[in-house]
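Undergrad: Provided below are the primary sequence and the corresponding predicted coordinates.
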Amino acid sequence: FLGVVVGIAFIYRSSKDILYELKKQESLAILSNVLEIVAEYNRSVNKYRETAFKDRKRELYHLVQGAMKIAENFYQKAKDGKISMNLARKRAKETISSIRYGKGDYIFGLTSDYRIIIHPDPKMLNKDLYNLKDPDGVYVIRELVKAAKKAPEGKAGYVLYKWWRYVNGKKLPPESKLSAAMYFKPWEWILGTGVYISDIKAEVEKKKKENLKRLCAKLLEMRLGEHGYAFIFDREGNMICHPNLKNVNIIKAKAKDPSTGRLMFDELTEAARKPWGQNVLEYLWDKPNDRKHYIYPKIAWCAQEPSTGWYVVVSAYKDEVEKPIYTFVKSMLLSGVLTIGFLFIVLFLLLKKLLSPIRELAGACSQIEKSGDLSVKVREDLPGEVGILARQLNRMIEAIRDFHQELEAKVRERTKELLKKTKELEEANERLKELDRTKSAFLSSVSHELRTPLTTIRMYAQTIEMGRLDGKPELLEQASKTILRETEWPE
């Protein structure tokens, strides 16, 4: 049980770390995606800026080419004799002078001797403008005539200079202007038109704002957790995209992290300069549903987009980031506990099924051990290897039983032979006992028979030794005869 608890705790900790890492990678992936969106936004703006100038130059060319065709048309009519050449020039001037486009823009006409013959300001007509300079010192009319004559036939020359703007007949201060000019050789005219650079910039700025609006809308769609969001600010601290802080400079507003007291601008930019994966910042902030209470821990992944220099931040509230982690881990642990419980039950039933035949085999072996009953037989229809073991056990019991019976038969036969030998030994023993008794009686008799003459011999011998028969020859002779007689061995 302790092992299971330790295992669950280990799984909980490991799962939490893994899911947090996955959440971190998800956040970094969102940050990378936002960086790519910002880079694409900048590329599209730059491309549009380049395209806008090219498109305007092309538009200027087509407008001047249209004016050239008007002049050519009237010139051809005069050449064909339909109208006089002077009338043709007059009608060409009138027609071209009436052309307006854009914000009051117009077609102008010059002569090769630097006089304006077509212009919306009557005061400018028929003046010698050879020495006319713009505020930057550019000889405007000279450069236009030069560019038009120098351009290949059918092409336009372009001049950048500053010129006064006319809006509703009112003359405004000079602005940078790009003009295209073409040379109509039959009448020695230079026809041209221009666009104010501020108009192109305004158009680019408009497109930039539209793209930025779409960019911010995309950012608002990106959510990390329930209330997490992405935002962008520039190097001066101006908030570019933010769901709440619109048109705010976070440096001037002195937005601070309550947990450290440092400016948020400093902390966010420092985090953005850290290596990828370590570019994270934790701080306190308010929630959309609890404004101006800066007590909620947030986590932000920060990076600087190189082409714009903008700082991109993907932020989320820590409790919202960790909530799905805890939910997943809890559900996983619950599933794990249920799975372990189920596995225990299955394992118990499986072991019971597997051990039942083994217990049957063990019981048979125990019965044989205790009672020596070799008539025990185990079922042979047990599953798998246990069945094989049962069959081998039965064969072994049968072999032991046969050996036991054979051994008992041999024991009985040897016992019978032993009893016979024992009886024979007993009979031989009785005979030996009888012989022993006979021997004892014989020895007793012999001993008695021997002891009587020996006693006599001993007595006569002691008497002769003591010298008592000295000088008594009759007695000595008698004693000698007696000794000889007693020592005679019967034949």
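TA: Sure thing, it's come through.

Undergrad: Spell out, range by range, the helices that occur in the stretch 201-350 of the chain.
TA: 264-272, 318-371 (DSSP state H, counting those that start in this stretch).

Undergrad: lowest average confidence, helix or strand, in this protein?
TA: Using mean pLDDT, DSSP states H and E, the weakest-scoring helix or strand in the chain turns out to be helix 318-371, at a mean of 69.

Undergrad: Can you give the contact residues for the one helix or strand A148 maps to?
TA: Assigning secondary structure by DSSP states H and E places A148 in helix 140-150. With contact meaning CB atoms under 8 Å, 6 or more residues apart in numbering, helix 140-150 is reached by 110, 112, 114, 116, 129-130, 132-134, 156-159, 161, 163, 179, 181-183, 190, 192. Using the backbone N, CA and C atoms, a C-beta is placed for each residue, glycine as well.

Undergrad: ok, now with 7 Å
TA: By CB atoms under 7 Å, 6 or more residues apart in numbering, the surrounding residues in contact with helix 140-150 are 110, 112, 114, 129-130, 132-134, 157-159, 161, 163, 179, 181-183, 190, 192.

Undergrad: Same check on stretch 318-325?
TA: Residues contacting stretch 318-325 (CB under 7 Å, 6+ apart): 16, 19-20, 23, 225-228, 297-299.

Undergrad: go again using 6 Å as the cut-off
TA: 19, 23, 225-226, 297, 299 (CB atoms under 6 Å, 6 or more residues apart in numbering).

Undergrad: next one: stretch 81-101
TA: So stretch 81-101 is contacted by 67, 70-71, 74-75, 77-78, 106-107, 118 (CB under 6 Å, 6+ apart).

Undergrad: Next, check the residues you listed against the strands and list the overlap.
TA: Counting by DSSP state E, the part of those found in strands is 106-107, 118.

Undergrad: Let's verify P120: helix, strand, or coil?
TA: coil (DSSP: H, G, I helix; E, B strand; the rest coil).

Undergrad: any idea which element the closest residue to K218 other than its chain neighbours lies in?
TA: Closest residue in space to K218, ignoring its immediate chain neighbours: I37 at 6.1 Å, by CB to CB, 6 or more residues apart in numbering. Per DSSP H and E: I37 is located in helix 2-79.

Undergrad: how many degrees apart are that helix and helix 140-150 in direction?
TA: If you take axes from the mean of the first three to the mean of the last three CA atoms, to 10 degrees, helix 2-79 sits at 90 degrees to helix 140-150.

Undergrad: elements contacting helix 2-79?
TA: Under the contact criterion of 3 or more CB pairs under 6 Å, 6 or more residues apart in numbering; DSSP states H and E, helix 2-79 touches helix 85-97, strand 170-184, strand 189-196, helix 197-221, strand 296-304, strand 311-317, helix 318-371.

Undergrad: go again using 7 Å as the cut-off
TA: On a contact count with 3 or more CB pairs under 7 Å, 6 or more residues apart in numbering; DSSP states H and E, helix 2-79 meets helix 85-97, strand 170-184, strand 189-196, helix 197-221, strand 229-233, strand 296-304, strand 311-317, helix 318-371.

Undergrad: can I get the ones you listed in a markdown table with distance to K150 and mean neighbour count?
TA: As requested, these are exported to a markdown table (distance: least, CB to CB, whole Å; neighbours: other CB atoms under 10 Å):
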| stretch | distance to K150 | mean neighbour count |
| --- | --- | --- |
| helix 85-97 | 22 | 17 |
| strand 170-184 | 9 | 18 |
| strand 189-196 | 11 | 25 |
| helix 197-221 | 22 | 15 |
| strand 229-233 | 47 | 24 |
| strand 296-304 | 47 | 21 |
| strand 311-317 | 48 | 24 |
| helix 318-371 | 66 | 13 |
